[in-house]
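[1] Here is the input, now give the coordinates:
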Amino acid sequence: YVIEQLLGVESVGVYSASYNLCQYIKDSTMVALSLAVTPMYMRVWEQEGRAATEQFLGRFARSYLAFSFLVAALVTVNAADLVTILASERYVEGTIIVPWVIGGMALDSYVAVAAAGLFLKKRTGAIFIYVAVAAAVNIALNYLLVPRFGISGAAIATLLSYAVLLAIALFVGRSELSIPFPTKTLIVAGIAFGASCWVSTLVATGSPWLDIVLHSVIVAALYGGITLTFDARLRDSVRELARMVHDRLRSRPRSA
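    A predicted model of the protein is given here:
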């Protein structure tokens, strides 16, 4: 509504095509993973207590944050080709917003980890308030940034408002569960994001389908190589988390 009011209906269409692409991919990857882990940490909470839950989420947090930024990198490098295939070249100019939007969604998806203690303690009312605050910040930033930066301003507002929501969730959530934020993983993942996206842009065949395949392979290989090489704790977390998931799945009854 803010974009339509300030820039017109055509800008809404250009913005929505790329924003919806980010939303669909977030829902099918980041959100799907967070929904899968929720019953797992709830089971740990009920069976093993607070310390084991904090340990489990601490391992998961690094892996999840790295995975979210890998998805963000894949979406960023393939956005123009995906929009061309799924919509038309008319909307490709809107892909300028993708790095901001998908980066913000990666931060937003981490809220499920940061606020795990609030979910376990059933403080859903508090979560609603924090989301409302972030929404108000988002609207205010749109009115501030859209006149100056166009649809990119709306995308920047999305990133900043999700960052506000995550900051609130981290601050309040630690009163219920102490889950250290993986700062090093965020830095390494950010560097890997930028490096892999830049290198992939050097490859172009002219075919959207082939470019998607090549860009995805380059990003996955380079991103994975950088993060797993320079973040030893992430390597350990990925290895340990995989072992824990495997053990828990094997220990489930056949009927389950």
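[2] Can you point out the buried residues in the lengthiest helix in the chain?
    Longest helix in the chain, counting residues (DSSP state H): helix 50-86. Neighbour-count burial for helix 50-86 flags 53-54, 56-84 (criterion: 16 or more other Cβ atoms under 10 Å). C-beta: built from backbone N, CA, C; applies to glycine.
[3] The stretch 51-200 of the chain: helices as residue ranges?
    98-114, 116-120, 124-149, 151-173, 183-200 (DSSP state H, counting those that start in this stretch).
[4] Need those in a markdown table (columns: mean pLDDT).
    Putting those into a markdown table (pLDDT from 0 to 100) gives the following:
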| stretch | mean pLDDT |
| --- | --- |
| helix 98-114 | 91 |
| helix 116-120 | 87 |
| helix 124-149 | 93 |
| helix 151-173 | 94 |
| helix 183-200 | 93 |
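[5] could the ones you listed be laid out in JSON lines, adding distance to Arg239 and mean neighbour count?
    Output for those, formatted as JSON lines (distance: least, Cβ to Cβ, whole Å; neighbours: other Cβ atoms under 10 Å):
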{"stretch": "helix 98-114", "distance to Arg239": "19", "mean neighbour count": "24"}
{"stretch": "helix 116-120", "distance to Arg239": "22", "mean neighbour count": "21"}
{"stretch": "helix 124-149", "distance to Arg239": "32", "mean neighbour count": "15"}
{"stretch": "helix 151-173", "distance to Arg239": "25", "mean neighbour count": "21"}
{"stretch": "helix 183-200", "distance to Arg239": "14", "mean neighbour count": "18"}
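[6] Select, out of those, the one closest to Pro208.
    Of all the helices of the stretch 51-200 of the chain, the one in closest proximity to Pro208, counting by Cβ to Cβ, is helix 183-200 (13.8 Å).
[7] Is it possible to get TSV of the helices of the stretch 51-200 of the chain that adds distance to Ala242?
    Conversion of the helices of the stretch 51-200 of the chain to TSV gives the following (distance: least, Cβ to Cβ, whole Å):
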stretch	distance to Ala242
helix 98-114	17
helix 116-120	20
helix 124-149	30
helix 151-173	25
helix 183-200	16
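[8] Mind checking those helices for the one nearest to Val9?
    Minimum separation from Val9 across these (Cβ to Cβ) falls at helix 151-173, 12.7 Å.
[9] Send me that closest one as PDB with only the CA atoms.
    Written as PDB, here are the backbone C-alpha positions of helix 151-173 (Å, rounded to 0.1, in the frame of the first residue of the first chain):
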ATOM      1  CA  ILE A 151      11.400   0.100  -4.400                       C
ATOM      2  CA  SER A 152      14.900  -0.500  -3.000                       C
ATOM      3  CA  GLY A 153      13.900   1.600  -0.100                       C
ATOM      4  CA  ALA A 154      11.000  -0.700   0.700                       C
ATOM      5  CA  ALA A 155      13.400  -3.700   0.500                       C
ATOM      6  CA  ILE A 156      15.900  -2.000   2.800                       C
ATOM      7  CA  ALA A 157      13.000  -1.300   5.200                       C
ATOM      8  CA  THR A 158      12.100  -5.000   5.100                       C
ATOM      9  CA  LEU A 159      15.700  -6.000   6.100                       C
ATOM     10  CA  LEU A 160      15.900  -3.400   8.900                       C
ATOM     11  CA  SER A 161      12.500  -4.300  10.400                       C
ATOM     12  CA  TYR A 162      13.400  -8.000  10.500                       C
ATOM     13  CA  ALA A 163      16.700  -7.100  12.100                       C
ATOM     14  CA  VAL A 164      14.700  -5.200  14.800                       C
ATOM     15  CA  LEU A 165      12.500  -8.200  15.300                       C
ATOM     16  CA  LEU A 166      15.400 -10.500  15.700                       C
ATOM     17  CA  ALA A 167      17.200  -8.200  18.100                       C
ATOM     18  CA  ILE A 168      14.100  -8.100  20.300                       C
ATOM     19  CA  ALA A 169      13.700 -11.800  20.100                       C
ATOM     20  CA  LEU A 170      17.400 -12.300  21.100                       C
ATOM     21  CA  PHE A 171      17.200  -9.900  24.000                       C
ATOM     22  CA  VAL A 172      13.900 -11.200  25.400                       C
ATOM     23  CA  GLY A 173      14.400 -14.800  24.500                       C
END
